[in-house]
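In: got a sequence here, can you build the structure:
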Amino acid sequence: MLNKIKGLFTEEQGQGMTEYGLVLGVIAVGVIGLLVMFRGQIMSLFETITGDLSQNGVTESTNN
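Out: Sure thing, here's the model as predicted:
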């Protein structure tokens with residue numbers, strides 16, 4: 001019984017996956033933060049692209 005309790009603290013079997021999960025979480029939070037920070041510029045870029053496409057005769061609907 002005592003060995004099982006010690007094993008809970010000394011086993012490292014799931015440690016690698018936990019570390020990968022934490023790194024992935026930090027990266028996700030960073031990307032979301034950057035998207036929020038540059039929201040205005042991203043929206044402006046997409047508006048410019050859609051404006052250019054509509055001026056060149058590309059329509060939203062491709063069905064005839």
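
In: just want the most central residue of the protein.
Out: Centroid-nearest residue in the chain, with C-alpha atoms, centre = their mean: A28, separated by 4.5 Å.

In: and that residue, which of the three is it?
Out: helix (DSSP: H, G, I helix; E, B strand; the rest coil).

In: what of G57?
Out: From three-state DSSP, the assignment for G57 is coil.

In: measure it to G51 for me?
Out: According to C-beta to C-beta, to the nearest Å, G57 stands 13 Å off from G51. C-beta: built from backbone N, CA, C; applies to glycine.

In: looking at the two, which is more packed in?
Out: Set G57 next to G51 and count neighbours by other C-beta atoms under 10 Å: G51 wins out with 10 against 6.

In: what's the helix or strand for that one?
Out: Counting by DSSP states H and E, the element that carries G51 is helix 39-55.

In: ok, residues contacting that helix?
Out: Contact with helix 39-55 is made by L35, as judged by C-beta atoms under 8 Å, 6 or more residues apart in numbering.

In: for it, which residues meet the burial criterion?
Out: When burial is assessed from 16 or more other C-beta atoms under 10 Å, helix 39-55 yields no buried residues.

In: alpha carbons only: can I get that helix in CSV?
Out: The C-alpha trace of helix 39-55 is given here as CSV (Å, rounded to 0.1, in the frame of the first residue of the first chain):
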residue,chain,number,x,y,z
ARG,A,39,-7.9,43.1,-34.4
GLY,A,40,-8.3,46.5,-36.1
GLN,A,41,-5.5,45.9,-38.6
ILE,A,42,-6.7,42.4,-39.5
MET,A,43,-10.2,43.7,-40.1
SER,A,44,-8.9,46.5,-42.3
LEU,A,45,-6.8,44.0,-44.3
PHE,A,46,-9.8,41.8,-44.9
GLU,A,47,-12.0,44.8,-45.9
THR,A,48,-9.3,45.9,-48.3
ILE,A,49,-9.1,42.5,-49.9
THR,A,50,-12.9,42.1,-50.2
GLY,A,51,-13.1,45.6,-51.7
ASP,A,52,-10.4,44.8,-54.3
LEU,A,53,-12.1,41.5,-55.2
SER,A,54,-15.5,43.2,-55.7
GLN,A,55,-13.9,45.9,-57.9
